[in-house]
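[1] Here is a sequence together with a model predicted from it:
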2 protein chains.
Amino acid sequence: MKPVAVVAVGGNSLAPRGERGSFADERRHARLAGEAIASVLGAGYRVVVTHGNGPQVGNLLMRAERAQPDLPVEPLDACVAETQGGIGYLLVQAIENALHARRLPGGVVAMITRVVVDPGDPAFVLPSKPIGPFFTEEEARRRERSLGWHVGDDAGRGWRRKVPSPWPVEIVELDAIRVGLDTGVTVIAAGGGGIPVMRGESGLSGVEAVIDKDRVSAQLAAALGAELLLFLTDVDGVALHFGQPEERWLDRLDSREAKEYLEQGEFSPGSMGPKIEAALDFLDAGGKSAIVTSAGKAAAALTGKAGTLIVARRGSKSSRVA
Amino acid sequence: MKPVAVVAVGGNSLAPRGERGSFADERRHARLAGEAIASVLGAGYRVVVTHGNGPQVGNLLMRAERAQPDLPVEPLDACVAETQGGIGYLLVQAIENALHARRLPGGVVAMITRVVVDPGDPAFVLPSKPIGPFFTEEEARRRERSLGWHVGDDAGRGWRRKVPSPWPVEIVELDAIRVGLDTGVTVIAAGGGGIPVMRGESGLSGVEAVIDKDRVSAQLAAALGAELLLFLTDVDGVALHFGQPEERWLDRLDSREAKEYLEQGEFSPGSMGPKIEAALDFLDAGGKSAIVTSAGKAAAALTGKAGTLIVARRGSKSSRVA
């Protein structure tokens, strides 16, 4: 049986900051992601694709805001589900068309995926993840009263809604994802971190929260016994002192080095940090390697010619940081 | 192997006219649909669920309209994909929770589904299906110029965008749906009639169109060799002279009678007509029976105690209309 790779496509890599984020723009970026994923399939892996949804759910919340009070506000779990539909479709098309161009066989299916969270998760005590449009404090407070939102200042940029980002406990559709993989289908799953649900007396019910897609990707990769966890993001790899004069790109990191850099605050909490943490979780759970790179460099990264490879430190073997 | 039933859930049955259409409202209606589908599973069928998306895509287009011109307009194929996500999630939860309450086993998965249409379909010559918000003629004409929409008067109620409603040619995810069914999973597929795509040199690409969900449901049922095609709609069954003093509910119809009533214009083109046509297509393709009923009456309809049963006319056997 071919090894499994989980490929996590960043929401920002499909809708980069500074672009309008039209579906045609997203389609153009998705084409690159599709080609990257076709490379992974071509390299002999079975593939599960996960994806972020930050900019997309942001647009959706912005549209909903404009339709206030005429149209009802949708709960966040429903919004995540809608982005799974939209982005899932985008990626299915992009991957299939990339396979078609390479004359590679194989179907692709996007599955609506729920992820169970724990009502006792500390994230519910103080919602901390900012989402959706920016408001003045007064506008935000009004929504706090009328909609029961938790609101707060987002790093001095304005007031926003803040929601809990609880830890993923269980991927509800895991068996169905496995069945898909086993029949040779590339499965797109756990989009936007998965639709957050809680288990109760009468089954599962949706929760107003968002789940970190990097964490879920690592958990999914571990549960599937994947060999590779590949993050496609908007930079070509991992750097130390990113964006500073002494910036240094890393082509290889072992888990102890990664942990040290993480503790030293080398990786930004909102973007590279969660990827490195997820890579470490995956390696701890027995994963063979994680790669961080852009869609355009993915094919080269698979043969060690681009991107950053993160591997478990084995025994006393010395680390090599290029 | 258990027989297959395709259950088609009406978009209006989840968001009836006159209600606000909040997600909580939809969840309440979806609960009934979930119980109906659990009854079908309990009666020994493997089940594929399809669903409409009329009111839901309408809300989505309305929100998009309000965000003009700040946020880009999404193409209709992307909108259909988003509603597949939102409604798919709603139905997955409702069906699983109904199974949970009855202590019945079985997973449920919603799949993003594309349906190939023919670029030569006559529907593309004169787009006829009205969608989204109502405008004045002037507003509609402005959008015709700026967005390239086709617009027209909708039965004297106002101007709307009109889109093609081409015939479904092929359900792209058919194999994956079959695999799901064969492994005991209830599959939700072809929501909103499926995402319309066309086959070209470089693979599949999305089309600005909507596909009739009743037609697709019949085609899917035929392709899966289903025995039963069950329409869950907002009325309890099929009636002659519907809404008039001489209204007469039918508990059984054979295909010839159904065809005759259809030709006599007994069934309204926008609602019951397409269901009867789809039922006839399914019976022509070898299906055993079709049922039209509401979610609340579905369990009774399975044993002939409610709803309208439509069966193929066999040989010279006389028809029985109760």
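    Arrived safely.

[2] which residue packs closest to the closest residue to chain B within chain A, ignoring adjacent ones?
    Going by C-beta to the nearest C-beta, chain B is nearest to A:G85 of chain A, at 2.4 Å. Backbone N, C-alpha and C define where each C-beta goes, glycine included. Once flanking residues are discounted, A:G85 sits nearest to B:G85: 2.4 Å by C-beta to C-beta, 6 or more residues apart in numbering or on different chains.

[3] State the pLDDT value of that neighbour.
    The score at B:G85 is 98. That number is its pLDDT.

[4] before we move on, back to that, what's the residue of chain A closest to chain B in contact with, if anything?
    Neighbouring residues of A:G85 by C-beta atoms under 8 Å, 6 or more residues apart in numbering or on different chains: A:110, A:112, B:81-86, B:88, B:112.

[5] Now with 10 Å, please.
    Contact partners of A:G85, counting by C-beta atoms under 10 Å, 6 or more residues apart in numbering or on different chains, are A:110, A:112, A:191, B:78-89, B:110, B:112, B:191-192, B:195.

[6] thought A:S205 was touching B:A24?
    No. Between A:S205 and B:A24 there is no contact under C-beta atoms under 10 Å: 11.4 Å.

[7] neighbour count winner among the two?
    A direct count of neighbours by other C-beta atoms under 10 Å in any protein chain shown for A:S205 and B:A24 places A:S205 higher, at 14 against 10.

[8] secondary structure class for the more buried one?
    strand (DSSP: H, G, I helix; E, B strand; the rest coil).

[9] State the mean pLDDT of stretch A:249-266.
    pLDDT averaged over stretch A:249-266 gives 96.

[10] ok so, going back, counting neighbours, which bits of the strand or helix carrying the residue nearest to A:G85 end up buried?
    Counting by DSSP states H and E, the element that carries B:G85 is helix B:76-101. Neighbour-count burial for helix B:76-101, counted by 16 or more other C-beta atoms under 10 Å in any protein chain shown, picks out B:76-100.

[11] Could you chop chain A up by domain?
    A:15-128+A:164-226, A:232-322 (automatic domain parsing).

[12] most packed of the ones you listed?
    domain A:15-128+A:164-226 (a mean of 21; mean count of other C-beta atoms under 10 Å in any protein chain shown).

[13] That domain: end-to-end distance?
    This stretch, domain A:15-128+A:164-226, spans 28 Å end to end (C-alpha to C-alpha, to the nearest Å).

[14] Show me how far that domain is from its chain's centre.
    7 Å (C-alpha atoms, centre = their mean, to the nearest Å).

[15] Where does A:L229 fall, secondary structure wise?
    Per DSSP H and E: strand A:228-233 holds A:L229.

[16] Starting from that strand, tell me which strands it pairs with and how they run.
    strand A:4-9 (parallel), strand A:289-294 (parallel) (DSSP bridges).

[17] Save the ones you listed as JSON lines, and put in mean pLDDT too.
    Formatted as JSON lines, the strands paired with strand A:228-233 follow (pLDDT from 0 to 100):
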{"stretch": "strand A:4-9", "mean pLDDT": "98"}
{"stretch": "strand A:289-294", "mean pLDDT": "98"}
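
[18] Quick one: closest of those strands to B:G11.
    With C-beta to C-beta as the criterion, B:G11 lies closest to strand A:4-9 of the strands paired with strand A:228-233, at 30.1 Å.

[19] next SSE after that closest one?
    helix A:11-14.

[20] Other residues contacting that next one?
    A:21, A:25-30, A:32-33, A:36, A:51-58, A:83, A:87, A:90-91, A:94, A:191-193, A:213, A:231-235, A:271, A:294-296.

[21] show me where the stretch 51-200 of chain A has helices.
    Under the criterion DSSP state H, counting those that start in this stretch, the stretch 51-200 of chain A contains helices at A:54-66, A:76-101, A:137-147, A:174-182.

[22] Check these for me: which has the lowest mean pLDDT.
    helix A:54-66 (a mean of 90).

[23] hang on, the earlier thing: could the strands paired with strand A:228-233 be laid out in a markdown table, adding distance to B:K305?
    Listed next are those as a markdown table, based on distance: least, C-beta to C-beta, whole Å:
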| stretch | distance to B:K305 |
| --- | --- |
| strand A:4-9 | 49 |
| strand A:289-294 | 58 |
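
[24] So for B:L240, which of those strands sits nearest?
    strand A:4-9 (53.7 Å).

[25] that older thread, what's the separation between the residue of chain A closest to chain B and B:Y89?
    9 Å (C-beta to C-beta, to the nearest Å).

[26] Same check on A:R28?
    For A:R28 relative to B:Y89 (C-beta to C-beta), the value is 28 Å.

[27] Kindly report the same for A:K288.
    A:K288 is 33 Å from B:Y89, by C-beta to C-beta.

[28] what do you get for A:I112?
    In terms of C-beta to C-beta, A:I112 sits 5 Å off from B:Y89.

[29] Equivalent analysis for A:V57, please.
    14 Å.

[30] same check, this time on A:G86
    Counting by C-beta to C-beta, the gap from A:G86 to B:Y89 is 13 Å.

[31] quick one on the thing from earlier: report the set of residues contacting both of A:V57 and B:Y89.
    A:80, A:82.

[32] how about the strands in the stretch 201-322 of chain A?
    For the stretch 201-322 of chain A, the strands defined by DSSP state E, counting those that start in this stretch cover A:203-206, A:228-233, A:238-240, A:248-250, A:252-254, A:289-294, A:308-311.

[33] what does the last one contact?
    When contacts are taken as C-beta under 10 Å, 6+ apart, the neighbours of strand A:308-311 outside the stretch itself are A:228-229, A:231, A:235-239, A:249-255, A:257-258, A:272, A:275-276, A:279-280, A:282-283, A:287-293, A:301-302, A:317, A:319-320, A:322.

[34] Describe which strands that strand pairs with in its sheet and in which direction.
    Strand A:308-311 is paired, per DSSP bridges, with strand A:252-254 (parallel), strand A:289-294 (antiparallel).

[35] Please state the offset of the longest one from the chain centre?
    Taking the mean C-alpha point of strand A:289-294 and that of its whole chain, the gap between them comes to 13 Å (C-alpha atoms, centre = their mean).

[36] Can I get that strand as CSV, trimmed to CA atoms?
    In CSV, the C-alpha atoms belonging to strand A:289-294 read as follows (Å, rounded to 0.1, in the frame of the first residue of the first chain):
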residue,chain,number,x,y,z
SER,A,289,8.8,14.1,7.9
ALA,A,290,7.0,17.4,7.6
ILE,A,291,7.7,20.0,4.9
VAL,A,292,6.9,23.7,4.8
THR,A,293,6.9,25.3,1.4
SER,A,294,4.9,27.2,-1.2
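
[37] Chain B contacts on the stretch 151-300 of chain A?
    A:172-180, A:182-185, A:187-189, A:191-192, A:195, A:197, A:200-206 (C-beta under 10 Å from any C-beta of the partner chain).
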